[in-house]
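S.K.: generate a structure from the sequence data that follows.
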Amino acid sequence: MSRLSLSEKVGQVNQHLYGWDCYEYQGGEFELTKSFKEHVRWGEGLGALYGLFRADPWSKVDYNNGIPVQESWKVANQIQEYVINHSRWGIPALIVEECPHGHQALDSISYPTNIGRGSTFNTQLIEETSHLMAKELAAKGVHIALVSTLDLAKDPRWGRSEECFGEDPILSARMSEAVIKGFQGNLISDEVDFLDQRVSDINKSQEQIGVVLKHCIAQGEALGGHNSGTVPIGRREFADVYMPILKSARNAVGVMAAYNDIDGVPCHVNQTLLGQHLRNESGFQGFVMADGIALDRLSDVYQDPIEAAGQALIAGVDLSLWDDTYTKIETGVVNGTIDKKLLDHAVSRVLAVKFLLGLFDNPFVQPTDHKLLVEESRRMNEEVAKESLVLLRNNGILPLNPKGKKIAVIGPNAKNIYHLLGDYSAPQSRDQQQKTILQALKDTMNGAEIMYAEGCEVRNEENQELKIEEALKLALEADVIITVLGGSSARNFDMEFLQNGAVTSKGINMDSGENVDVASLSLGGKQELLLRKLAVLQKPIVTILIQGRPYDLTLVEECSDAVLVGWFPGQEGGQAIAKTLIGENNPSGRLGITYPRNSSQLPVYYYQRDASKQDDYYDLSGRPLHEFGEGLSYTTFTYDELAYQRNVDKLQVSVKVRNSGSLAGKVITLLFIKLLDGSVIQRKKMLKDFCKVTLESKEEKTIVFTLSSDDFRYMGADDCWHYSKKVKIMIGDLAKEIDLN
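M.R.: Numbering: from 1, shown residues only. Got it, this is the predicted structure:
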């Protein structure tokens with residue numbers, strides 16, 4: 001630090017470039033651009049480079065001009081060699097990539113989006129697939145993956161609900177810890193500050209890369225479900241709901257600040273959030289990264305960008321993202337507006353992470369055979385998709401015996417792979433584009449005649465009549481109808497985008513994703529009309545919902561004999577759905593989000609405070625359509641013998657679960673508690689632990705949970721922590737009240 005010049009320090013905290021603008025494909029070779037070289041010269045090095053391999057409609061990168069997977073390591077080395085040779089101290093650059101549900105690059109693995117992954121309630125599966133993502137990225141020369149884990153889906157009108165594991169803080173916290181473990185292994189631990197360790201003691205492996213969790217924090221609380229909107233939550237709400245999530249991020253290499261404010265204070269200048277809560281209370285050791293151009297948005301508060309930069313440094317933002325604000329730090333230090341010590345703190349964290357990740361010891365990457373990794377990842381991808389599926393209705397039609405039947409597959413999401421992938425997805429190869437639900441049904445349902453009609457588009461209401469007529473004509477010949485409805489986050493190359501990559505021009509059939517918020521949860525376009533007309537035929541209907549948020553399913557459930565929620569199930573989602581319909585996979589997913597009847601009920605998240613009030617509306621039931629944790633199976637599970645045992649400051653809770661049905665299946669056991677005393681209105685219940693086990697037919701197992709005293713604490717009316725003396729524990733339909741004195 002003492003050797004670095006002011007310009008060099010400013011260069012280390014800037015991540016100003018779009019990675020795809022740093023290379024050109026000419027004459028069969030990749031060449032570094034003039035703008036890239038000029039920026040390296042400006043910063044006398046480079047702190048981090050975002051999106052070198054990003055491919056999507058915003059970056060305008062596809063198979064014609066993007067970096068093939070087999071060439072990735074070469075381009076990464078080319079970038080690194082230039083940066084090192086043009087840095088006085090030979091400091092390598094962090095290569096940072098988007099990885100919300102898989103690497104957003106050509107020929108990468110695209111897993112189910114988080115809203116589906118959360119429905120698995122399987123932290124081991126999330127850890128294993130996160131490790132596969134890390135191996136894939138490391139082989140390309142990537143050091144940092146940006147992964148969405150910290151947001152909660154509190155308002156499903158919000159377009160980014162698909163990036164959340166659900167509405168529950170404990171579910172999100174456990175999934176966040178699994179993601180960290182999968183990407184980083186034990187790079188950072190609770191036992192020791194990594195700054196006190198030698199690089200050789202850490203002994204990082206090639207497969208370990210850093211993960212930056214986003215977004216910090218409370219984006220899903222924005223008023224009206226508006227992306228980046230204001231968040232008016234109080235101290236108790238923050239303490240109960242968001243502190244567990246912040247603590248789960250403690251061992252991540254980085255955390256990304258959120259666009260929103262909390263009670264008027266933007267997260268990027270919130271000293272209490274980033275300093276007190278994240279670092280001091282949660283024990284976070286890594287660096288804080290800004291969100292895309294978020295520092296420029298501080299103009300809502302500060303007229304002078306230099307003042308905004310100074311305030312962000314005070315709050316603890318260490319690394320920028322695309323903004324101009326942090327490029328002005330040097331001017332602020334020179335004129336005395338910004339304290340140089342604040343810059344030194346930020347630079348030291350960036351450099352520490354570079355040492356931690358082994359950049360100084362081994363900045364270059366060797367070629368790797370991607371074929372074996374891709375095959376392993378595809379198998380695990382299908383497993384995640386299978387476990388993410390949630391069966392909400394089944395009158396006995398499933399599992400389906402397709403032999404000898406004519407099956408009509410109808411709907412806008414049956415024959416388009418992009419509709420299965422969610423937002424932040426890369427262009428797909430020709431082979432991948434064939435992996436639709438329709439094709440999977442043809443491959444899987446042997447002995448059946450599979451017929452197809454689009455029926456209607458996702459949102460477009462014009463010129464749909466002929467499509468509906470064709471679908472009805474097809475359905476008349478069928479024995480069974482499979483409708484594939486829902487929404488889509490699929491972008492296209494004709495859309496327009498903000499400077500941070502969010503879509504601005506409304507895609508006619510894109511109704512989910514970043515900056516795509518909705519007022520109504522009704523199915524879009526003519527989908528409900530199509531379903532009504534199909535129901536008149538009085539033939540068995542199985543409905544598959546492809547979605548990134550809950551939709552109003554009242555009509556869907558009235559018209560359907562079975563309803564399977566597929567979320568955005570990823571590249572292998574078609575196979576997972578097809579195998580589930582015929583019984584090769586027993587559905588085990590459970591809702592990670594309370595399912596409303598429609599948007600008029602919101603909010604409906606399950607852990608609201610248990611106030612004495614009228615829950616029903618004059619014109620609508622107050623009960624949601626489906627509770628958090630709901631989901632059917634092809635077998636039946638029962639709970640018995642709920643018991644507890646005190647062990648000093650721990651409480652052991654046990655319950656016996658039995659598969660009383662005729663098929664093997666996986667069961668998710670959820671442990672809730674309700675605090676029964678205190679100086680504030682307590683919540684109806686809160687999830688405290690969960691597990692997932694496989695049971696053969698008639699098999700039973702005893703599940704044991706261990707709760708600590710922190711599981712029973714709450715923030716009282718005096719804004720101090722207290723411990724409840726009496727609680728109710730709940731598992732399934734069983735409950736017990738416990739005196740904790």
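
S.K.: elements contacting the lowest-mean-pLDDT helix or strand in the chain?
M.R.: One helix or strand of the chain scores below all others by mean pLDDT, DSSP states H and E: helix 199-202, with a mean of 86. The contact analysis (3 or more CB pairs under 8 Å, 6 or more residues apart in numbering; DSSP states H and E) places helix 199-202 against helix 340-356. C-beta here means a position set from N, CA and C on the backbone, and glycine is covered the same way.

S.K.: which residues sit against the helix it packs on?
M.R.: Residues from elsewhere that reach helix 340-356 (CB atoms under 8 Å, 6 or more residues apart in numbering): 1, 4, 6, 9-10, 12-13, 47-48, 91-92, 94, 187-188, 194-195, 199, 202, 204, 210, 253-254, 286-287, 310, 313-314, 316-319, 329, 333, 360.

S.K.: send the alpha carbons of it over as CSV?
M.R.: Extracted in CSV, the C-alpha atoms of helix 340-356 (Å, rounded to 0.1, in the frame of the first residue of the first chain):
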residue,chain,number,x,y,z
LYS,A,340,-7.0,9.2,1.6
LYS,A,341,-7.3,6.7,4.4
LEU,A,342,-10.8,5.7,3.2
LEU,A,343,-9.4,4.9,-0.2
ASP,A,344,-6.6,2.9,1.4
HIS,A,345,-9.1,0.8,3.3
ALA,A,346,-11.0,0.0,0.0
VAL,A,347,-7.8,-0.8,-1.9
SER,A,348,-6.5,-3.0,0.9
ARG,A,349,-9.6,-5.1,0.7
VAL,A,350,-9.4,-5.5,-3.1
LEU,A,351,-5.8,-6.5,-2.9
ALA,A,352,-6.4,-8.9,0.0
VAL,A,353,-9.0,-10.7,-2.1
LYS,A,354,-6.5,-10.9,-5.0
PHE,A,355,-4.0,-12.5,-2.7
LEU,A,356,-6.6,-14.8,-1.2
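
S.K.: whatever helix or strand comes next after that helix: which residues count as buried?
M.R.: Downstream of helix 340-356, the first helix or strand assigned by DSSP states H and E is helix 370-388. By neighbour count on 16 or more other CB atoms under 10 Å, the buried set for helix 370-388 is 370, 373-374, 377-378, 380-388.

S.K.: next structured bit after helix 370-388?
M.R.: Toward the C-terminus, helix 370-388 is succeeded by strand 390-394 as the next helix or strand (DSSP H and E).

S.K.: on that earlier part again, now the contacts of helix 340-356: which count as buried?
M.R.: Of the members of the contacts of helix 340-356, the ones counted as buried by neighbours, 16+ other CB under 10 Å, are 4, 9-10, 12-13, 47-48, 91-92, 94, 187-188, 194, 202, 204, 210, 253-254, 286-287, 310, 313-314, 316-319, 329, 333.

S.K.: of the residues you listed, which belong to strands?
M.R.: 48, 94, 210, 254, 287 (DSSP state E).

S.K.: which two in these are spaced the farthest apart?
M.R.: Pairwise distances across these peak at 10.8 Å for 48 and 210 (criterion: CB to CB).

S.K.: any residues in contact with both of the two?
M.R.: Residues touching both residue 48 and residue 210 by CB under 8 Å, 6+ apart: residue 144.

S.K.: leaving out the residues flanking it, which one is nearest to residue 31?
M.R.: Counting by CB to CB, 6 or more residues apart in numbering, residue 31 lies nearest to residue 24, which is 5.2 Å off, once chain neighbours are set aside.

S.K.: and the one you found, how far from residue 36?
M.R.: Distance of residue 24 to residue 36, given as CB to CB, to the nearest Å: 10 Å.

S.K.: do the same with residue 68
M.R.: Using CB to CB, we find residue 68 at a distance of 20 Å from residue 36.

S.K.: report the buried residues of stretch 15-24.
M.R.: So stretch 15-24, judged by 16+ other CB under 10 Å, has buried residues 15, 16, 17, 18, 19, 20, 22, 23.

S.K.: the last one contacts residue 29, correct?
M.R.: No - applying CB atoms under 8 Å, one finds residue 23 not in contact with residue 29, separated by 9.9 Å.

S.K.: can you list the domain ranges for the protein.
M.R.: Domains of the chain are assigned by automatic domain parsing as 115-371, 389-601, 637-739.

S.K.: adding distance to residue 630, write those out as JSON lines.
M.R.: Converted to JSON lines, the domains of the chain look like this (distance: least, CB to CB, whole Å):
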{"stretch": "domain 115-371", "distance to residue 630": "10"}
{"stretch": "domain 389-601", "distance to residue 630": "5"}
{"stretch": "domain 637-739", "distance to residue 630": "10"}
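
S.K.: closest to residue 610 out of those domains?
M.R.: In terms of CB to CB, the element of the domains of the chain nearest to residue 610 is domain 637-739, at 4.6 Å.

S.K.: quick one: average pLDDT of the closest one?
M.R.: Mean pLDDT, computed over domain 637-739, is 95.

S.K.: could you tell me the end-to-end distance of that domain?
M.R.: In domain 637-739, first residue to last residue: 29 Å (CA to CA, to the nearest Å).

S.K.: how close does the residue nearest to residue 128 when sequence neighbours are not counted get to residue 374?
M.R.: Closest residue to residue 128 apart from its sequence neighbours, by CB to CB, 6+ apart: residue 380 at 6.3 Å. Per CB to CB, residue 380 is found 11 Å from residue 374.

S.K.: and if you look at residue 468?
M.R.: As judged by CB to CB, residue 468 and residue 374 stand 40 Å apart.

S.K.: with residue 168 instead?
M.R.: For residue 168, the distance to residue 374 equals 33 Å [CB to CB].

S.K.: same check, this time on residue 710
M.R.: Residue 710 is 42 Å from residue 374, by CB to CB.

S.K.: repeat that for residue 139.
M.R.: 10 Å.

S.K.: same thing with residue 293?
M.R.: 34 Å.

S.K.: same thing with residue 575?
M.R.: Taking CB to CB, one finds residue 575 at 16 Å from residue 374.

S.K.: again with residue 632
M.R.: According to CB to CB, residue 632 and residue 374 sit 33 Å apart.

S.K.: what of residue 190?
M.R.: Distance from residue 190 to residue 374, by CB to CB: 34 Å.

S.K.: my guess is residue 194 contacts residue 202, does it?
M.R.: Yes - assessed by CB under 8 Å, residue 194 is found in contact with residue 202 at 6.8 Å.

S.K.: re earlier: mind checking the domains of the chain for the one nearest to residue 609?
M.R.: In terms of CB to CB, the element of the domains of the chain nearest to residue 609 is domain 637-739, at 4.5 Å.

S.K.: give me the contact list for stretch 436-447.
M.R.: Outside stretch 436-447, the residues within contact range by CB under 8 Å, 6+ apart are 400, 402-404, 407, 409, 413-417, 420, 450, 452, 482, 484, 544, 546, 573-575, 577-579, 581-582, 584.

S.K.: put the buried members of those into a PyMOL selection.
M.R.: A single PyMOL command is used to select the members of those judged buried by 16+ other CB under 10 Å:
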select buried, resi 400+402+407+409+413+414+415+416+417+420+450+452+482+484+544+546+573+574+575+577+578+579+581+582
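
S.K.: isn't residue 721 right up against residue 714?
M.R.: Yes - applying CB under 8 Å as the test, residue 721 and residue 714 come out as touching, 7.4 Å apart.
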